[in-house]
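In: curious how this folds, go ahead:
(one chain, ligands or ions: 1)
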Amino acid sequence: MRLLVTGGAGFIGSNFIRYWLEKYGEDEIFNLDLLTYAGNLENLAGLDDAYGRRYGFTLGSITDTDFVDRLFSQFKPDVIVNFAAESHNSRAILNPTIFFQTNLIGTQTLLDVAQKYEISRFHHVSTCEIYGDLPLNSAETFSEQTSYRPNTPYSASKAGADLAVLAYHQTFGLPVTISVCCNNYGPYQNIEKLIPLFISKAICNQPLTLYKSSQNKREWLAVEDHCRAIDLIIRQGKSGERYNVGSQTEKSVEEIADSILQILGKPQSLKTYVPDRPGHDRRYLLDSRKIQQELGWKLETDFETGLKNTVGWYINHRQWWQQSQSSQIREDRWGK
Ligand SMILES: NC(=O)c1ccc[n+]([C@@H]2O[C@H](COP(=O)([O-])OP(=O)(O)OC[C@H]3O[C@@H](n4cnc5c(N)ncnc54)[C@H](O)[C@@H]3O)[C@@H](O)[C@H]2O)c1
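Out: Prediction:
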């Protein structure tokens, strides 16, 4: 099989490429990435040597129709897996435009070209944030039938992309699937995101900045469990369907900070509190029974083990994350 992976130099995309090349010895992957501040070719170091002509990279944007068309005509992918996105909610408050250009128009550009070349599957990677948020203490969850109710420019741009994917299926018969996933953690995640940010700060004995609403919860999934879910959906999922992928493991931001400080043996006094981010969702929780029952997916990495492994990875890859430190944005500016 020939896969075109977009955004493969980012966090989940690079983990997915490593996972797939190792698991499927015959398959070829071409990685299309614009290498924004979030893309890092170091995430894919060693793949050329390990896999030779089975892995290739090209620099470009999913919003560039001519470029994407040329790539399809040369590489002739069977499957496209679309990870490429602007992915950081806090940045979307500062510059919403780029989020809609990349996440919505970029996805629609890929859909157009995919339709022209008659690919066998367009898999789109989405987020639980499309469903809006839940009260902190409720028994409610988001199922695949839950209406879209995004609250931020990031989640609205992702929701728009999902609807475009489904519309190309309904209108043109394009074979599509969507995975709707909760928060991921693991190796190669940019340190602007919560878990690597707290790990890197704690390692350096710097303050861990928590929003005032630090009891807000997120559902956490190890990135390799997400990769396995996408694999199953591509191979066995039904065209036109959406699959939620969640762990049922909820942790508040405060709990994450406490766990990381405890694993690293650092003091609680490193925690500091700043004004909240506008539109800060309280909680998301996915009902993932569909992928479990229909495709047999199940969680393999529990949060405690996954977090310890992740902390270990960041301790051992200090040079990798120190290089990206300069791209961080300040999380303490909302009250100013
Ligand atoms: N990280 C999570 O917890 C999470 C959870 C659910 C869903 N998702 C979704 O998964 C996908 C990947 O997330 P991530 O955390 O790996 O993101 P990331 O920010 O680490 O990586 C995004 C990648 O997309 C590339 N990119 C950006 N604009 C591009 C463009 N115009 N053309 C080509 N490439 C471009 C970047 O260079 C980068 O390599 C996103 O679609 C995100 O919405 C992420």
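
In: what's the helix or strand for residue 122?
Out: strand 121-127 (DSSP states H and E).

In: quick one, phi psi at residue 134?
Out: Dihedral pair for residue 134: phi -120, psi 150, per degrees, to the nearest 10.

In: distance of it from the ligand?
Out: According to Cβ to the nearest ligand atom, to the nearest Å, residue 134 and the ligand sit 16 Å apart. (Glycine included, C-beta is placed from N, CA and C.)

In: what about the spatially closest residue to that residue that is not a sequence neighbour, which helix or strand?
Out: In this structure, residue 134 finds its nearest non-sequential neighbour in residue 283, 4.6 Å apart by Cβ to Cβ, 6 or more residues apart in numbering. Assessed by DSSP H and E, residue 283 sits outside every helix and strand.

In: contacts only, for residue 283.
Out: For residue 283, the contact set (Cβ atoms under 8 Å, 6 or more residues apart in numbering) comprises 133, 134, 135, 136, 216, 217, 218, 250.

In: one more time with 7 Å, if that's ok
Out: 133, 134, 136, 216, 217 (Cβ atoms under 7 Å, 6 or more residues apart in numbering).

In: buried ones among those residues?
Out: Among those, those scoring as buried are 133, 134, 216, 217 (criterion: 16 or more other Cβ atoms under 10 Å).

In: and the first one, how far is that from residue 125?
Out: What that stands for is residue 133. 20 Å (Cβ to Cβ, to the nearest Å).

In: can you pull the residues of the stretch 51-200 of the chain lying near the ligand?
Out: Within the stretch 51-200 of the chain, the positions lying close to the ligand (Cβ under 6 Å from any ligand atom) are 61-63, 83-87, 102, 106, 125, 127, 158, 181, 183-184, 190.

In: show me where the protein has strands.
Out: 2-6, 28-33, 55-59, 79-82, 121-127, 176-181, 183-185, 208-211, 217-222, 241-245, 250-252, 271-274 (DSSP state E).

In: of all these, which one is nearest residue 92?
Out: strand 121-127 (12.0 Å; Cβ to Cβ).

In: what pairs with the closest one, parallel or antiparallel?
Out: strand 79-82 (parallel), strand 176-181 (parallel) (DSSP bridges).

In: show the average pLDDT along the last one.
Out: Looking at strand 176-181 alone, the average pLDDT works out to 98.

In: could you do the first one as well?
Out: Rounded to a whole number, the mean pLDDT of strand 79-82 is 98.

In: can you dump the C-alpha atoms of it in CSV for me?
Out: The C-alpha atoms that make up strand 79-82 are tabulated as CSV, following Å, rounded to 0.1, in the frame of the first residue of the first chain:
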residue,chain,number,x,y,z
VAL,A,79,-4.5,6.1,1.0
ILE,A,80,-4.2,9.6,2.5
VAL,A,81,-3.9,10.2,6.2
ASN,A,82,-4.4,13.9,7.0
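
In: just the buried residues of it, please?
Out: For strand 79-82, by 16+ other Cβ under 10 Å, it's 79, 80, 81, 82.

In: before we move on, what about the longest one?
Out: With burial defined by 16+ other Cβ under 10 Å, the residues of strand 176-181 counted as buried are 176, 177, 178, 179, 180, 181.

In: which ones are touching residue 288?
Out: 244, 245, 246.

In: give me that answer again for 10 Å
Out: When the contact criterion is Cβ atoms under 10 Å, 6 or more residues apart in numbering, the partners of residue 288 are 141-144, 180-182, 219, 221, 229, 243-248, 297-299.

In: filter those residues down to the buried ones, PyMOL style.
Out: Of these, the buried ones can be selected in PyMOL as follows, counting by 16+ other Cβ under 10 Å:
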select buried, resi 141+142+144+180+181+182+219+221+229+243+244+245+246+247+297+299
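
In: residue 150 and residue 234: what is the separation?
Out: 25 Å.

In: again, but for residue 245
Out: Counting by Cβ to Cβ, the gap from residue 245 to residue 234 is 13 Å.

In: residue 131 too?
Out: Taken as Cβ to Cβ, the span from residue 131 to residue 234 is 23 Å.

In: who has more neighbours, those two?
Out: The neighbour comparison of residue 131 against residue 234 (other Cβ atoms under 10 Å) goes to residue 131, with 25 against 19.

In: can you tell me the closest non-neighbouring residue to the more buried one?
Out: Using Cβ to Cβ, 6+ apart, the nearest residue to residue 131 is residue 142, at 4.1 Å.

In: so what's that neighbour bridging to?
Out: residue 286.

In: before we move on, back to that, now do the shared contacts for residue 245 and residue 234.
Out: residue 179.

In: and the residue of the protein closest to the ligand?
Out: Going by Cβ to the nearest ligand atom, the ligand is nearest to residue 10 of the chain, at 2.0 Å.

In: that residue touches residue 190, doesn't it?
Out: Yes - using Cβ atoms under 10 Å, residue 10 is in contact with residue 190, at 7.6 Å.

In: who's more crowded, those two?
Out: residue 10 (24 against 20).

In: regarding that one, what are the backbone dihedral angles?
Out: Residue torsions, per degrees, to the nearest 10, at residue 10 are phi -90, psi -170.

In: quick one: buried residues of the helix or strand of the chain with the lowest mean pLDDT?
Out: Sorting the helices and strands of the chain by mean pLDDT, DSSP states H and E puts helix 89-94 at the bottom, at a mean of 89. By neighbour count with 16+ other Cβ under 10 Å, helix 89-94 contains the buried residues 89, 90, 91, 92, 93.
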